[in-house]
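Chemist: Mind looking at a prediction? Sequence and model below.
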Amino acid sequence: MIELNFIGTDPANTANKSFDTADEILVGRDQSWAQFVIPAAEKLVSRRHARLYRDASGAWRVERQGDRFISVNGIPVEQSSVLKSGDTLTLGKSSGPTLDVTFQSVALPGGDEDRTATQEIVRSWRDYVPGIEAMGSRIKILTGAVAMLAVIAAGTLWYVSNQTLDFSDATLQRLEQAAYLVVLRDGNGGESAIGTAWPVAANKLVTNAHVAELFDKIDRNKEHLLVRSPGSDPKSYDVGSIRIHSGYKDFSGYVDRQSLGTEGFRSTYTEASRPSAFDVALLIVDPEVTLSPVLELAEKPELAKAGPGSKLAFAGYPLRCVDGSNTEQIAPTPSVQQGAVSSITDYFLFPPASVDEGLLVQHSVPATGGASGGPLIGLDGKVIAVLSGGTVIDTGGKEGEDNPCRMSPSAVMVNYAQRADLVAELLAQSDEEAIRQRHAYWETQVAKFANHYAYLKRQVVADAEKAASKTFDVVMEDERSEPVAAAGNKISFDVEEGREYAVLVYNRNKGNMFVDLKIDGKSVAQNGNGWMPALRATAPVSGKAELTIYATGGKQIDYNLMVAKSEE
């Protein structure tokens, strides 16, 4: 049972209600929407203000609806927060009305319990640029891609779990010392921090292509691109030249020629919400310079072993909307974060046909603006990947409002990195030949988009049959268009005890979704894998299954649904 007790700004406005079996409670003034209705006179509370729900662990959480203000015991909620019995929520503003929450506590399992239950959208890097207004609109536009990963490590500090990973102190210290800050200096001596780089050779550093390409766009008679070592006594070095992986522009151009824009594949962050491809580059400084420490790249056999669950550590510069970040260029202090590989895909977001094509590393390392180009290392200290992008949410505000801090990293923690063998190709100057050899693979993958949903449906069923060593039959298939429901769009279907089920949800609008499958009221599977999440689960009992789809990015969701069941 959970009990809610509301006290308004006017003490006469109170409400109290108990829920015996609820797993979700919507809170607001809208009587047609909310299960816990706030008195209409309490205007600080929105019509649709908050969602209380049990997550997969059984813990109660509170989640903001849009940009509505909520604090828990005085601490503002960024997106969602775990609740304890006896917590007090404040609504609307810090001095607003309160909602006391009381329930029977549950023991939480280990792991990262602070993730939200919804998959948010990846925005264009242009949405996150702090801007370099003093340098004019030209530089402001040019730095868009740069700032995206200057946007990748700070905001997500809210969501970092405190679990201890098995990295030695020496490994983490070396990683921290290798995190150099990329700085743009204007003609007046003003400086802007724009990303992260790290030594891979005596006078070469690795960063993202979208950071390095600024070098070719500035007026180098007046402006300078620098790299600066971390610490209280930093050393600065002028970037004399750059080398960008040939696949960065080649893949983007190829995808454009194939008219795949509606599928959202681009080489930089766009409104279509796809991660960048071949987004690595070298920054080259004076050959007389000896940079240290130099990080070692993981070899191909080691990269092949990196998969879901593999531990990662990162060092870089989370600068976006972080207190004190304007001093980073004076005495760079890297942020060291830890996480794990979530999945390995190709740049079409398909399972790679071979190890060589698994070049996009999806991971849970916190990321926000400024972290672009930072190294992701394995337990042995070798670089597995180069951080290149992140998943973010719009925390609200007026459309077009000049509020750079309204974009915040998503607690779903699906962020992106470029695998380290792309850096090896750059160093060996074999990237152009490698790209030529990849064209045949791209042709094969592009062919799947003739009917992408049909391909995915076959793939999901085939994967389920392989995993279960059983035949699966499609028992439900539907094509739907419906309004996005704040509490999630729900679909029910019958299940039989002991049978295995494979589910695919395909968003035809290419918006991100998070799906949760419950059987007998208990969550049995979840997936936040973008716009085509798939699930597999075995029914513990016969009865009804309920699939809840949480969608973002619009008022309407157009999707295909497929449910397949194993034979007896």
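Modeler: Alright, I've got the coordinates.

Chemist: Could you export the helix or strand harbouring residue 557 as CSV, CA atoms only?
Modeler: Counting by DSSP states H and E, the element that carries residue 557 is strand 556-566. Taking C-alpha atoms only, strand 556-566 is exported to CSV below (Å, rounded to 0.1, in the frame of the first residue of the first chain):
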residue,chain,number,x,y,z
GLN,A,556,1.5,10.9,-31.9
ILE,A,557,3.1,7.5,-32.0
ASP,A,558,2.9,5.4,-35.2
TYR,A,559,4.3,1.9,-34.7
ASN,A,560,4.2,-1.7,-35.7
LEU,A,561,3.9,-4.5,-33.1
MET,A,562,4.8,-8.1,-33.4
VAL,A,563,4.5,-10.9,-30.8
ALA,A,564,5.8,-14.4,-31.5
LYS,A,565,5.3,-17.5,-29.3
SER,A,566,7.4,-20.6,-29.0
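
Chemist: Can you list the buried residues in it?
Modeler: 557, 559, 560, 561, 562, 563, 564, 565, 566 (16 or more other C-beta atoms under 10 Å). All C-beta spots, glycine's among them, are computed from the backbone N, C-alpha and C.

Chemist: List the strands paired with it, with their directions.
Modeler: Partners of strand 556-566 in the sheet, by DSSP bridges, are strand 472-483 (antiparallel), strand 500-507 (antiparallel).

Chemist: which one of those strands is the most hemmed in?
Modeler: strand 500-507 (a mean of 23; mean count of other C-beta atoms under 10 Å).

Chemist: Mind listing residues that contact it?
Modeler: Residues from elsewhere that reach strand 500-507 (C-beta atoms under 8 Å, 6 or more residues apart in numbering): 452-453, 456-457, 460-461, 463-464, 468, 470, 472, 495, 513, 515, 517, 525, 531-539, 545, 547, 549, 551, 557-566.

Chemist: Got a quick PyMOL command for the buried subset of those residues?
Modeler: In PyMOL syntax, the buried subset of these is picked out as below (16+ other C-beta under 10 Å):
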select buried, resi 452+453+456+457+460+461+464+472+495+513+515+517+525+531+532+533+534+535+536+537+539+545+547+549+551+557+559+560+561+562+563+564+565+566
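
Chemist: quick one: the helices in this protein?
Modeler: Listed in chain order, the helices found in the chain under DSSP state H are 137-142, 144-150, 169-177, 209-212, 247-257, 300-305, 421-428, 431-447, 452-468.

Chemist: just so I know, which of those lies nearest residue 388?
Modeler: helix 144-150 (6.4 Å; C-beta to C-beta).

Chemist: Apart from its chain neighbours, what residue comes closest to residue 37?
Modeler: Closest residue to residue 37 in three dimensions, ignoring its sequence neighbours and counting by C-beta to C-beta, 6 or more residues apart in numbering: residue 31, at 5.3 Å.

Chemist: ok, residue 58 - how many residues close by?
Modeler: Neighbours of residue 58 under the rule other C-beta atoms under 10 Å: 14.

Chemist: what do you get for the one 4 residues further on?
Modeler: Look at residue 62: counted by other C-beta under 10 Å, it has 22 neighbours.

Chemist: same check, this time on residue 514
Modeler: Around residue 514 there are 23 residues (other C-beta under 10 Å).

Chemist: these two touch, right, it and residue 550?
Modeler: Yes: between residue 514 and residue 550 there is a contact under C-beta atoms under 8 Å: 4.4 Å.

Chemist: isn't residue 215 right up against residue 239?
Modeler: Yes: between residue 215 and residue 239 there is a contact under C-beta under 8 Å: 5.9 Å.

Chemist: any shared contact partners between the two?
Modeler: In contact with both residue 215 and residue 239: 225, 283, using C-beta under 8 Å, 6+ apart.

Chemist: Of all the helices of the chain, which one is nearest residue 286?
Modeler: helix 209-212 (16.9 Å).

Chemist: Can you pull out the low-pLDDT segments for this structure?
Modeler: Residues of the chain that meet the criterion pLDDT under 70 lie in 55-57, 105-165, 258-274, 320-331, 369, 391-413, 450, 529, 553-554.

Chemist: tell me the domain ranges of it?
Modeler: Following the assignment in automatic domain parsing, the chain carries domains at 2-103, 125-429, 454-566.

Chemist: and those as JSON lines, adding distance to residue 439?
Modeler: As requested, those are arranged in JSON lines below (distance: least, C-beta to C-beta, whole Å):
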{"stretch": "domain 2-103", "distance to residue 439": "41"}
{"stretch": "domain 125-429", "distance to residue 439": "8"}
{"stretch": "domain 454-566", "distance to residue 439": "20"}
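
Chemist: Looking at these, which one is packed in the most?
Modeler: domain 125-429 (a mean of 21).

Chemist: circling back: out of the strands paired with strand 556-566, which is closest to residue 360?
Modeler: Among the strands paired with strand 556-566, strand 500-507 sits nearest to residue 360 (C-beta to C-beta), with 19.5 Å.

Chemist: so how far is that closest one from its chain's centroid?
Modeler: 22 Å (C-alpha atoms, centre = their mean, to the nearest Å).

Chemist: Could you do stretch 198-214 as well?
Modeler: 23 Å.

Chemist: now the end-to-end length of that stretch.
Modeler: Stretch 198-214 has an end-to-end distance of 17 Å (criterion: C-alpha to C-alpha, to the nearest Å).

Chemist: same check, this time on stretch 373-380
Modeler: First-to-last residue span, stretch 373-380, C-alpha to C-alpha: 20 Å.

Chemist: And the contacts of it?
Modeler: 149, 152-153, 166-167, 171, 175, 178-179, 182, 195-198, 206-208, 211, 295, 298, 302, 306, 310-317, 361, 363, 365, 383-388, 417.

Chemist: same thing with stretch 222-239?
Modeler: Contacts for stretch 222-239 (C-beta under 8 Å, 6+ apart): 135, 139, 176-177, 179-187, 191, 197, 205, 214-215, 218, 283-286, 289, 291, 329, 331-334.

Chemist: Restricted to strands, list those.
Modeler: Those of the contacts of stretch 222-239 mapping onto strands are 180, 181, 182, 183, 184, 185, 191, 197, 205, 283, 284, per DSSP state E.

Chemist: ok, back up a step: make JSON lines out of the strands paired with strand 556-566 and add distance to residue 231.
Modeler: Converted to JSON lines, the strands paired with strand 556-566 look like this (distance: least, C-beta to C-beta, whole Å):
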{"stretch": "strand 472-483", "distance to residue 231": "54"}
{"stretch": "strand 500-507", "distance to residue 231": "46"}
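
Chemist: out of these, which comes closest to residue 4?
Modeler: Taking the strands paired with strand 556-566 one by one with C-beta to C-beta, strand 472-483 is closest: 26.7 Å.

Chemist: what angle separates that closest one from helix 452-468?
Modeler: 140 degrees (axes from the mean of the first three to the mean of the last three C-alpha atoms, to 10 degrees).

Chemist: From residue 76, how far off is the nearest residue to residue 44 once chain neighbours are set aside?
Modeler: Excluding the flanking residues, the one nearest residue 44 by C-beta to C-beta, 6+ apart is residue 92, at 2.9 Å. Applying C-beta to C-beta, to the nearest Å, the value for residue 92 to residue 76 is 12 Å.

Chemist: Need the residues touching each of the two.
Modeler: With C-beta under 8 Å, 6+ apart, residue 92 and residue 76 have common neighbours residue 69.

Chemist: Identify the residues contacting residue 538.
Modeler: 498, 499, 500, 501, 524.

Chemist: Just to check, the first one is in contact with residue 519?
Modeler: No: distance between residue 498 and residue 519: 11.8 Å, which falls outside the contact criterion (C-beta under 8 Å).

Chemist: Give the intersection of the neighbour lists for these two.
Modeler: With C-beta under 8 Å, 6+ apart as the test, residue 498 and residue 519 both reach residue 539.

Chemist: What's the end-to-end length of stretch 548-556?
Modeler: 15 Å.

Chemist: my bad, should have said stretch 24-41
Modeler: Start-to-end, stretch 24-41 (C-alpha to C-alpha) is 24 Å.

Chemist: if we look at that stretch, which residues are touching it?
Modeler: Contacts for stretch 24-41 (C-beta under 8 Å, 6+ apart): 2, 4, 6, 8, 10, 13-15, 17, 19, 22, 42, 45-54, 65, 91, 97, 99, 486-487.
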